[in-house]
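*Asks:* Fold the following for me, if possible:
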Amino acid sequence: MEKIKKILKKYKIFLFLLLCLIFLIVLKIAAKENFQVLETNPKNNQEKVNLETTIFLTFQKTPVFNNLEIKINPSVTFSVKVDRQTLAIQPNEQLKPDTEYKVELVNLKNRQNTFSFSFKTLQLTPISNQTEANIRQYYNDLEKKTYEEMPLFDYVPFSSKNFSLDYIKPLTLQVTLKEDTPAARQEVLNWINSKAVNPQTHKIIWKTR
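*Replies:* As a prediction, this is how the structure comes out:
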């Protein structure tokens, strides 16, 4: 009986040592699978981030992508690329303006091993917030004003062997003549008329070369 007790005691010690060894192996494996983030871009709490940014995380060692769960809140669909120690997260859509985003990583092999950081996108200027119709109207109005102030906009600056001309301010042309004669001035007026513009709508400043 005493002999059996001694044998059981030895087995208990052996079993205990075996369990300790297994525990150490598990810890070692878990340590290898744990990740540590050294740097992010955008940086944590960074503001005015571009709406088309790609998110980069630099790890202490090459991450095992299959072991990572990546979350972005507010929700965004994205693709991921691993290049050595860098993880690139590319959103599939433009981020929302003036919005705080939180990026969170969880180690699926060890859920206590997590990392998160936040950043805020830039706020669009008033003109950027305009609807497409409003933007189109803005440029239509700008074009209309341009042609009202410079009806010859599509044809100037112009130069020929006898004269050259260009706008120096709205409805004001500066004409440089090779020779200032009535015939030369009439040639300029005829040219303006040929563009379906009445010369009398303009102030003309005459100069010679």
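
*Asks:* For Phe153, give me its contacts.
*Replies:* By C-beta atoms under 8 Å, 6 or more residues apart in numbering, the contact set of Phe153 is 146-147, 167. No exception for glycine: its C-beta is placed from N, CA and C like everyone else's.

*Asks:* Tell me the spacing between it and Thr146.
*Replies:* Counting by C-beta to C-beta, to the nearest Å, the separation of Phe153 from Thr146 is 6 Å.

*Asks:* residue nearest the centroid of this structure?
*Replies:* Computing the C-alpha centroid of the chain and ranking residues by C-alpha atoms, centre = their mean puts Glu52 first, at 3.3 Å.

*Asks:* State the number of residues packed around the closest residue to that one other than its chain neighbours.
*Replies:* Spatial nearest neighbour of Glu52, chain neighbours left out: Gln94 (5.8 Å); criterion: C-beta to C-beta, 6 or more residues apart in numbering. Applying other C-beta atoms under 10 Å, we find 12 residues neighbouring Gln94.

*Asks:* Can you tell me the SS state at Gln94?
*Replies:* With DSSP: H, G, I helix; E, B strand; the rest coil as the basis, Gln94 sits in coil.

*Asks:* One more: Thr58?
*Replies:* Assignment for Thr58 (three-state DSSP): strand.

*Asks:* what helices or strands is the helix or strand that contains Lys207 leaning on?
*Replies:* If you go by DSSP states H and E, Lys207 is part of strand 203-208. In terms of contacts (3 or more C-beta pairs under 8 Å, 6 or more residues apart in numbering; DSSP states H and E), strand 203-208 is packed against strand 172-177.

*Asks:* Paired strands for the strand it packs on, with orientation please.
*Replies:* The pairing partners recorded for strand 172-177 under DSSP bridges are strand 163-169 (antiparallel), strand 203-208 (parallel).

*Asks:* Can you check what angle separates the next helix or strand after that strand from strand 172-177?
*Replies:* Next helix or strand after strand 172-177 toward the C-terminus (DSSP H and E): helix 182-194. Here the directions of helix 182-194 and strand 172-177 differ by 140 degrees (axes from the mean of the first three to the mean of the last three C-alpha atoms, to 10 degrees).

*Asks:* Now do the buried residues in helix 182-194.
*Replies:* Using 16 or more other C-beta atoms under 10 Å as the test for burial, helix 182-194 gives 184-185, 188, 191-192.

*Asks:* Is Tyr101 in a helix, a strand, or coil?
*Replies:* Per three-state DSSP, Tyr101 ends up strand.

*Asks:* give the contact list for it.
*Replies:* By C-beta under 8 Å, 6+ apart, the neighbours of Tyr101 are 72-74, 76, 95, 118-121.

*Asks:* Buried residues, the host helix or strand of Lys120. List them.
*Replies:* Using DSSP H and E, Lys120 falls within strand 114-121. Buried residues in strand 114-121, defined by neighbour count with 16+ other C-beta under 10 Å: 115, 117-121.
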